[in-house]
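J.: Below: sequence and its predicted model.
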Amino acid sequence: MPLNLKQPKTAAPIGARLVPSSRGWAEVHPKYREAFAAARLMTAETLLTLPGEVVSGHPDRHVMRVELPNGKIGYLKRQHRVSRFERLKQKLAGFGWSSRCIREAKVLKQLEREGLPGPQWIAFGEDGDGRSFLLVEELSDSLELRPFLNDSALSLVERNRLAEKIGQSIAELHAAGFSTPDLSAKHVLVDPATFAITLIDWQNARHREGEAPAEPLAALHASLAESLASPRERLRMLWAYSRVCSRSGMKLPRFSQLVRSLRTESERIANRRSIRDQREGTPVDQRLVWVADEAVCAIPEIAAIWPQPAIAPPFYSCPSGTISIQLADGRPATLIRGRTFAPLARLRAAIRGKSWRSPGMAIARDLFHRQRYGLPAPQLFAFGQRLTGPMTAEWFVLHSVDDR
């Protein structure tokens, strides 16, 4: 069954089809305002609709890689829905009746005021439909810690210097009152030229004077494969951390006790999927494009030739089941289609203010996750779901033929 994919119309450049709106609100960093105003990117509506490729995501939010008016690259974090439960959670944490995007933006502004390293925030806000966003600039000169350690021919002296730099940088953040609950190997970026350390993903952090959480170091330790850092280098990092904390007046247990407690905590969390995948797999670059919002999401090479209209057979309005098809370039593929009746799950999601995830979305997420960390799995080509009623939905997953 050949799949005839036609080339869709070329997407409009940034700012070409933007209509200013008074709905919602947006704040743009002063140093970006002139360029963004010229590109008509000063409202929540226009910023939320920046075109780009999805690099990671969840049912109710995702991150897109976008091109900025100044030619640089940015990452747009978009929340499709912000529940009352989430807003209450942020209020109780001291960030007002807001979203996780707004919370992260406020933390990044605090880091900037303190002169501490963090992703450069560009803009954030919410539209009139309750969607929230945060736009940050790419750290173009930095590399993720794991591939840097794996690919770089570092000398012993350089490795020791890097270990100390990581410990010192985290300690300076903790000494300044910033918590790092999402600290793990994938969130540590290194500038190869200076070994400057920057942590990313601050959506669960807070700024509270006197708070000195050492426990996140256990997640960093557990998520870094044994082959990437020796026990001596890990101890050097921890020693640098404790030294800076002590100089700042923070109270920590004795070094030997700190080592034992972190070892115990790292063993406890070692089998968490997010930790285990970081430790066992090497991340690969992945991109997705929203062809028709949630109904069709595909890798760029497939999105570029997706048929129009996008929501049509053989992906939708067809019987459930698994069939073999052939892509336009001759590659064989497997198409899984399904129809789901889930009144309780839909109701539960609505009550919790979360997006409902169909079985197809769960399959796609698992394939995407496995590919990211180099684990055996068919290649994900495309997926999607659409609600056909208050309790019903259609979905599909398109992937390569599994030859295992």
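T.: Received the coordinates, thanks.
J.: okay, CA-based contacts and neighbour counts for the rest of this
T.: Noted.
J.: got a list of contacts for the longest helix seen in the chain?
T.: Secondary structure of the chain read by DSSP state H shows that its longest helix is helix 156-175. Helix 156-175 has contacts (CA atoms under 8 Å, 6 or more residues apart in numbering) with 116, 179-180, 195-197, 210-213, 233-234, 236-242, 244-245, 248, 250.
J.: where in the stretch 151-300 of the chain is pLDDT low?
T.: Low-confidence segments of the stretch 151-300 of the chain, defined by pLDDT under 70: 209-214, 281-285.
J.: what about the strands in it?
T.: Using DSSP state E, counting those that start in this stretch, the strands of the stretch 151-300 of the chain run over 188-190, 197-199, 289-290, 297-298.
J.: between these, which one is nearest to Gly24?
T.: strand 289-290 (23.1 Å; CA to CA).
J.: Please list the outside residues in contact with the closest one.
T.: Residues contacting strand 289-290 (CA under 8 Å, 6+ apart): 52-54, 296-300, 303.
J.: Using CSV, list the CA coordinates for stretch 94-113.
T.: Only the C-alpha atoms of stretch 94-113 are listed here, as CSV (Å, rounded to 0.1, in the frame of the first residue of the first chain):
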residue,chain,number,x,y,z
GLY,A,94,5.8,31.4,46.4
PHE,A,95,5.4,32.1,42.7
GLY,A,96,1.9,33.3,42.6
TRP,A,97,-1.1,31.9,40.7
SER,A,98,1.1,30.9,37.7
SER,A,99,2.4,28.1,35.6
ARG,A,100,5.7,26.1,35.6
CYS,A,101,6.9,28.2,32.7
ILE,A,102,6.3,31.5,34.6
ARG,A,103,7.9,29.9,37.7
GLU,A,104,11.0,29.0,35.7
ALA,A,105,11.2,32.5,34.2
LYS,A,106,11.1,34.1,37.6
VAL,A,107,13.9,31.8,38.8
LEU,A,108,16.0,32.7,35.7
LYS,A,109,15.4,36.4,36.4
GLN,A,110,16.6,35.9,40.0
LEU,A,111,19.8,34.1,38.7
GLU,A,112,20.4,36.9,36.4
ARG,A,113,20.1,39.5,39.2
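J.: in it, what's buried?
T.: 95, 97-111 (16 or more other CA atoms under 10 Å).
J.: Just the ones of the residues you listed in strands?
T.: Nothing among the buried residues of stretch 94-113 maps onto strands, per DSSP state E.
J.: re the thing from before, just give me how far the longest helix of the chain sits from the chain centre.
T.: Relative to its chain's centre, helix 156-175 lies at 24 Å (CA atoms, centre = their mean, to the nearest Å).
J.: follow-up on the earlier one: same list, the strands of the stretch 151-300 of the chain, but as CSV with distance to Asp127 please.
T.: Shown next, in CSV, are those (distance: least, CA to CA, whole Å):
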stretch, distance to Asp127
strand 188-190, 31
strand 197-199, 28
strand 289-290, 20
strand 297-298, 23
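J.: want to try CSV for those strands, with distance to Ser227 and mean neighbour count as columns?
T.: Shown next, in CSV, are the strands of the stretch 151-300 of the chain (distance: least, CA to CA, whole Å; neighbours: other CA atoms under 10 Å):
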stretch, distance to Ser227, mean neighbour count
strand 188-190, 17, 22
strand 197-199, 21, 22
strand 289-290, 35, 22
strand 297-298, 34, 23
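J.: looking at the ones you listed, which is closest to Pro359?
T.: Using CA to CA, the nearest of the strands of the stretch 151-300 of the chain to Pro359 is strand 297-298, at 15.2 Å.
J.: List the pairing partners of that closest one within its sheet, with orientation.
T.: strand 289-290 (antiparallel), strand 380-387 (antiparallel) (DSSP bridges).
J.: Checking the most centrally placed residue in the chain next. Helix, strand or coil?
T.: Among the residues of the chain, the one closest to the centroid is Ser56, at 4.8 Å (CA atoms, centre = their mean). Counting by DSSP: H, G, I helix; E, B strand; the rest coil, the backbone at Ser56 sits in strand.
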